[in-house]
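*Asks:* No sequence on hand, only this structure:
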């Protein structure tokens, strides 16, 4: 079973969300071809005007927007009663 939101699949979906007018940089890689096929089947992508170019559909856009809303996990300082005292600083 294919994981819909594997790192590769997220990369492919984000590529066509942001740059659908250009082929994916790894368009010849089997994993990218499989991801494109899956997103075409799920109606998240549709064929574009040129070979290797795909357009994101409303459904694909909704999936990207859902991914963007997911908060990144972060470490919290919690007392013994489970009360959050604060969050660890994150170095970017």
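*Replies:* Cool, the structure landed. In this text, all values refer to a predicted model and were calculated from it rather than measured experimentally.
*Asks:* How about the contacts made by residue 41?
*Replies:* Neighbour list for residue 41: empty [criterion: C-beta atoms under 8 Å, 6 or more residues apart in numbering]. In short, each C-beta sits where N, CA and C put it, glycine included.
*Asks:* ok, now residue 5?
*Replies:* Contact analysis of residue 5 by C-beta under 8 Å, 6+ apart lists residue 67.
*Asks:* three-state assignment of it?
*Replies:* At residue 5 the chain is in coil, as set by DSSP: H, G, I helix; E, B strand; the rest coil.
*Asks:* Where does pLDDT dip in the chain?
*Replies:* Low-confidence segments of the chain, defined by pLDDT under 70: 1-3, 90-92.
*Asks:* can you pull out the helices in it?
*Replies:* Along the chain, counting by DSSP state H, helices occupy 7-19, 30-41, 58-69.
*Asks:* got a markdown table for those helices, with distance to residue 49 too?
*Replies:* Supplementary listing: these in a markdown table, determined by distance: least, C-beta to C-beta, whole Å:
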| stretch | distance to residue 49 |
| --- | --- |
| helix 7-19 | 13 |
| helix 30-41 | 15 |
| helix 58-69 | 17 |
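*Asks:* Count residues in the vicinity of residue 52, would you?
*Replies:* By the other C-beta atoms under 10 Å criterion, the neighbourhood of residue 52 contains 13 residues.
*Asks:* Distance check, it against residue 12.
*Replies:* For residue 52, the distance to residue 12 equals 12 Å [C-beta to C-beta, to the nearest Å].
*Asks:* same deal with residue 48?
*Replies:* According to C-beta to C-beta, residue 48 stands 14 Å off from residue 12.
*Asks:* Could you check which of these two is surrounded by more residues?
*Replies:* For the pair residue 48 and residue 12, the greater number of neighbours falls to residue 12 (26 against 16), based on other C-beta under 10 Å.
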